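Asker: Predicted model and sequence follow; I will ask about them next.
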Amino acid sequence: MPALWIAHVNVTDEEAYGKYAKLAGPAIEKHGGYFIARASRYVQLEGTDRPRNVVAKFPSVEAAETCYHSAEYQAALDYARDAAERELVIVETTE
């Protein structure tokens with residue numbers, strides 16, 4: 001089943017986060033993922049507001065998790081760790 005990688009982000013260092021984004025995109029694509037929403041318009045109804053929301057679709061939960069743990073994505077994540085407050089979840093779809 002396909003899976004969604006859903007990130008809620010508050011960027012605190014635009015320059016460093018830009019470096020993360022530049023590297024993260026190719027890592028996600030390498031693992032079969034593609035963006036379906038990226039910093040798009042949103043409405044916060046509950047919980048902590050994070051002004052940047054990103055959704056990528058992967059072929060499976062396993063593909064998304066493999067991407068997260070890959071050397072390429074971890075190298076990108078090194079830039080995001082101190083440049084943002086983030087929450088990330090992988091959710092299997094019902095398709």
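Answerer: Structure received.

Asker: Tell me how many other residues crowd residue 64.
Answerer: A count of nearby residues for residue 64, using other Cβ atoms under 10 Å, gives 25. Just so you know, the C-beta spots here come from the backbone N, C-alpha and C atoms, and that holds for glycine as well.

Asker: doesn't residue 50 fall inside a helix?
Answerer: No. Counting by DSSP: H, G, I helix; E, B strand; the rest coil, residue 50 is not part of a helix but coil.

Asker: Hmm, residue 19 is touching residue 82, no?
Answerer: No. When contacts are counted by Cβ atoms under 8 Å, residue 19 is not listed as touching residue 82 (11.5 Å).

Asker: Between these two, tell me which one has more neighbours.
Answerer: Comparing residue 19 with residue 82 by other Cβ under 10 Å, the one with more neighbours is residue 19, at 15 against 10.

Asker: Could you check which helix or strand contains the more buried one?
Answerer: Applying DSSP states H and E as the criterion places residue 19 in helix 14-30.

Asker: name the helices or strands packed onto that helix?
Answerer: When contacts are defined as 3 or more Cβ pairs under 8 Å, 6 or more residues apart in numbering; DSSP states H and E, helix 14-30 sits against strand 3-11, strand 34-38, helix 61-69, helix 71-80.

Asker: closest to residue 23 out of the ones you listed?
Answerer: helix 71-80 (3.5 Å; Cβ to Cβ).

Asker: what residues does that closest one touch?
Answerer: With contact meaning Cβ atoms under 8 Å, 6 or more residues apart in numbering, helix 71-80 is reached by 16-17, 19-24, 26-28, 30-31, 67, 86.

Asker: following that helix, which helix or strand shows up next?
Answerer: Downstream of helix 71-80 (by DSSP H and E), the next one is strand 84-92.

Asker: what angle separates that following strand from helix 14-30?
Answerer: 20 degrees (axes from the mean of the first three to the mean of the last three Cα atoms, to 10 degrees).

Asker: Name the strands paired with strand 84-92 and say parallel or antiparallel.
Answerer: With DSSP bridges as the test, strand 84-92 is paired with strand 3-11 (antiparallel).

Asker: Average the pLDDT values over the partner strand and round to the nearest integer.
Answerer: The average pLDDT for strand 3-11 rounds to 96.
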